[in-house]
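Sequence plus predicted model, see below.
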Amino acid sequence: MKTLFTSIALLTFCMAEGQYFQQRFNLDYTTPALRNERCNSGIRTRDNYMAGNPALHYYAGIGTSYNNTALAAPNNVADRMRFQQLNNTGVTVISNLGYQFADAATAPWYHSYGNGIAEVNNAAHNGGYVTVGTVANNTITGAAAIAGGSDALFTQLDAGGAVISSVRYDILGGADQAWCIRKSAIVINGRPTWILCGQSKRAANNTDCFVARVFSDGTPVWFNRYNFDPGGAPYTSAHNIAKQLCEDAAGYIYVVGTLQDGFAGAGIDGLAFKLTSAGAVIWGNDYNISPDDEFHAVRLTADGNIIVGGFTTFAIVAPATSNMLITKLTAAAGAIMFQNVLRVSSGGNFYTSKCYDIIETAGPQYFLAGPMTRNGVNYEMMYKTNAAGIGINWYRYNQMIYNVGFGLDNVNTAANAGVAYFASMKNTTSPLFSDSHIMKTDYFGRTCNFCTAYPPNNAPLQMEVHQRNRLQQPTAQTRRLISAAFKYSNILICNQAVVICGAAVEASDAEAATAVEKTGAAKFFPNPVVNVLHVQLNTLPAGEYNLSLTDINGKTILQKTYVHNNGKSFTDIDMSSFAPGMYMLTIKKDGVRAEQKIVKQ
């Protein structure tokens, strides 16, 4: 028999400009003429404010639009790098473009893919963006000039998304891909710089990481490749991939990715290494506990260390094939401070999950983004943890075709706090196609159309750490590209200043919850509150309820029990001694749960 539980999440309060939204993007919804899309990364802009006003920031995402041979030319000849840009409320689309690249005006078009994005700023606060990805040979157009099949792609865009310059980087004729780019604190001769990373596969058993420092037009300051071979020199029998990087205020660079012995049957380890601002290796470690341990995301933490997201096959319970992994490392040597497996479970069942991006918010708390796979269907998913990496809740969103391509950013303005989430989702009217997708959630994981939080399932672990020798060599050839841009369209799924959560009735083995709006079940007043909050229960079932109050960091600061009889009943909560800010009040009994956001003045 299906086990049902009822979750009642009441009308929540949201300050001005705290907009929750979802937008999806594709080539042309009107015709329709669609291409498969995914958004691989994104940012909430901090430098490029309109007229210098921080209330007018943007959301900008980068990704890929895949060729559709069913369409007429020119939409059937190449995969395209994709750029989409929203205003601060998520309503207006500023730019929504796809790009093709070639070596010259008469040369055939390469396939092109977008993987990472960062800002360019100037005194007018309209500097634009720099992006990285891949250009690859294209059998459709006959483009075949790239040795190794692919090169790393770097592109500079203006504030409206127009291409200013673009280059491709070739590393010793290998199959090259760039995965991440970040703005750097290092300025050289008055010119700002950016750091980027990726991979270069040069033989069947050999892939090198690369890291580079470049100017905004893509000109390298230095461009190094690295190999951390478990077998040691001559560094020709291991696969190294650098997936993401970050930098501290002193200019030290932290890179994470994967390391695998290049021969059959070898497992995959997490890889992390630290570089000087000039690219010299300070330390390099791999991390292992199971056949597949992968690092994919890294951010600098408020205490000067690094937080890493990825996935592992440790603690697998069928039918899951991998679990999310969170790891905190010391900046000094990459020593493990804590690690935790964040498993996705519901109704006693475990599901596959992976992390491809991670952010730290105040508290600290951590949010990890990636896919979960349930009954063969991929979903957008986000996991929230406390400061020790212990799961608080996880959240499931739209169905997906792809199970890769995710980005997160912290929207940390006082009146607009939340998480910007970049991914892809299945097209709801043409389910064979995937759309790029951008949404904003609050710090409780809720957005318009989605309110449900699922309980965490944690498994602590401690990986073995191995220090590795390395090969480090400067290398890269740079070639200029030309581009062509194509306009795309968008659909606003939902946009509201207040997250409205009705009663959600869900079977543990059902595919989707059925939402039923339930108003008047309880009242909370005054809200905002100065001293005493009055809680009035109306239509909730009679019985003993547990009331808990948590702060914005998820810390429980008050708990009490209350017996509710049929009809109306009241209880009070004294909040006079609590610090001003936002709190979450939860009332629950058995399968009944009500939540309300409370603002303390």
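Structure's in. What do you need? If you're wondering where the values come from, they're calculated on a predicted model, not measured in any experiment. Numbers count the residues shown, from 1 in each chain.

C-alpha from now on. contacts and neighbour counts both.
Noted.

I'd say Arg479 and Arg168 touch.
Yes. In this structure, Arg479 is within contact of Arg168 by CA atoms under 8 Å, at 5.3 Å.

So between these two, which is more surrounded?
Under the criterion of other CA atoms under 10 Å, the comparison of Arg479 against Arg168 puts Arg168 first, with 28 against 14.

quick one: secondary structure of the more buried one?
strand (DSSP: H, G, I helix; E, B strand; the rest coil).

where's it relative to Ser150, distance?
Noted for Arg168: a distance of 9 Å to Ser150, by CA to CA, to the nearest Å.

Next: Tyr58.
Between Tyr58 and Ser150 the distance is 31 Å, computed by CA to CA.

Just the strands from the stretch 501-601 of the chain, written as ranges.
503-507, 514-516, 522-525, 532-537, 543-551, 556-564, 569-574, 581-589, 592-600 (DSSP state E, counting those that start in this stretch).

what's the most buried one of these?
Mean neighbour count (mean count of other CA atoms under 10 Å) peaks for strand 592-600 among those, with a mean of 21.

Quick check: closest non-adjacent residue to Ala242.
Closest residue in space to Ala242, ignoring its immediate chain neighbours: Gly257 at 4.4 Å, by CA to CA, 6 or more residues apart in numbering.

Check Gly232 too.
Once flanking residues are discounted, Gly232 sits nearest to Asn469: 6.6 Å by CA to CA, 6+ apart.

For that neighbour, report the pLDDT, please.
With respect to pLDDT, Asn469 has a value of 86.

Checking my notes, it in a helix, right?
No. Secondary structure assignment (three-state DSSP) places Asn469 in coil, not in a helix.

circling back to that earlier point, per-stretch mean pLDDT over the strands of the stretch 501-601 of the chain, give me the minimum one.
Across those, the lowest-scoring stretch is strand 514-516, with a mean of 24.

which helices and strands does the helix or strand encompassing Ile358 pack with?
Using DSSP states H and E, the element containing Ile358 is strand 357-361. Judged by 3 or more CA pairs under 8 Å, 6 or more residues apart in numbering; DSSP states H and E, strand 357-361 is in contact with strand 293-300, strand 306-312, strand 365-374, strand 407-411.

residues contacting Leu196?
Going by CA atoms under 8 Å, 6 or more residues apart in numbering, Leu196 touches 132, 178-182, 211-214, 245.

one more time with 7 Å
Each residue near Leu196 by CA atoms under 7 Å, 6 or more residues apart in numbering is listed here: 180-182, 211-213.

shared neighbours of Arg168 and Ser150, anything?
Contacts common to Arg168 and Ser150, judged by CA under 7 Å, 6+ apart, are absent.

Any regions of the stretch 201-350 of the chain where pLDDT drops low?
Within the stretch 201-350 of the chain, the segments meeting pLDDT under 70 span 264.

mind listing the strands in it by residue range?
Using DSSP E, counting those that start in this stretch, the strands of the stretch 201-350 of the chain run over 206-214, 220-227, 238-247, 253-261, 268-275, 281-288, 293-300, 306-312, 323-329, 336-346, 349-353.

Pick out the residue nearest the middle of the protein.
Centroid-nearest residue in the chain, with CA atoms, centre = their mean: Gly407, separated by 2.5 Å.

Find the nearest non-adjacent residue to that residue, please.
Ser41 (4.2 Å).

Quickly list what that neighbour is bridged to.
Under DSSP bridges, the beta-bridge partners of Ser41 are Ile62.

Which pLDDT does the model give it?
We have a pLDDT of 98 for Ser41.

my guess is it contacts Gly116, does it?
Yes. Using CA atoms under 7 Å as the test, Ser41 is close enough to Gly116 to be in contact (5.4 Å).

list residues touching both of the two?
Common neighbours of Ser41 and Gly116 (CA under 7 Å, 6+ apart) are Ile62.

Counting neighbours, what do you get for the residue nearest to Gly232?
Counted by other CA under 10 Å, the residues lying close to Asn469 total 18.

if I look at it, how far off is Trp283?
9 Å.

now do the same end-to-end measure for stretch 479-497.
End-to-end span of stretch 479-497 (CA to CA): 47 Å.

Next: stretch 543-557.
Stretch 543-557 has an end-to-end distance of 23 Å (criterion: CA to CA).

again, but for stretch 527-545
Using CA to CA, the two ends of stretch 527-545 sit 21 Å apart.

What are the contacting residues of that stretch?
Here stretch 527-545 makes contact (CA under 7 Å, 6+ apart) with 520-526, 561-576, 587-589, 598-601.

And it, how far out from the chain middle?
Relative to its chain's centre, stretch 527-545 lies at 36 Å (CA atoms, centre = their mean, to the nearest Å).

Let me see the contact set for Asn137.
When contacts are counted by CA under 7 Å, 6+ apart, Asn137 touches 110-111, 143-144, 146, 149-150.

And these, which of them are buried?
Neighbour counting by 16 or more other CA atoms under 10 Å classes 110-111, 143-144, 146, 149-150 among the contacts of Asn137 as buried.

CA-only coordinates of stretch 61-78, as CSV, when you get a sec.
The C-alpha coordinates for stretch 61-78 follow below in CSV (Å, rounded to 0.1, in the frame of the first residue of the first chain):
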residue,chain,number,x,y,z
GLY,A,61,24.0,31.8,-18.3
ILE,A,62,26.2,30.0,-20.7
GLY,A,63,25.7,26.6,-22.3
THR,A,64,25.1,24.7,-25.5
SER,A,65,22.4,24.5,-28.2
TYR,A,66,22.7,21.2,-30.2
ASN,A,67,22.2,20.9,-33.9
ASN,A,68,18.8,19.7,-35.1
THR,A,69,19.1,18.2,-38.6
ALA,A,70,15.3,18.4,-39.0
LEU,A,71,15.5,22.2,-39.3
ALA,A,72,16.3,24.2,-42.3
ALA,A,73,19.7,25.9,-42.8
PRO,A,74,21.4,27.6,-41.0
ASN,A,75,19.9,25.9,-37.9
ASN,A,76,20.9,22.4,-39.0
VAL,A,77,24.7,22.8,-39.5
ALA,A,78,26.4,23.2,-36.2
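
Now do the nearest residue to Ala136 once chain neighbours are set aside, the pLDDT please.
Using CA to CA, 6+ apart and skipping residues adjacent in sequence, the residue nearest Ala136 is Ser150, 4.1 Å away. For Ser150, the pLDDT comes out at 98.

hang on, Ser150 packs against Asp176?
Yes. Ser150 is in contact with Asp176 according to CA under 7 Å; the separation is 5.4 Å.

Could you count how many residues lie near Pro431?
Neighbour count for Pro431, taken as other CA under 10 Å: 13.

Next, it: secondary structure please.
coil.

Look up how far Ser424 lies from it.
Relative to Ser424, and taking CA to CA, Pro431 is found at 12 Å.

got it, and Ser290?
29 Å.

go on, Tyr562?
From Tyr562 to Ser424 the distance is 44 Å (CA to CA).
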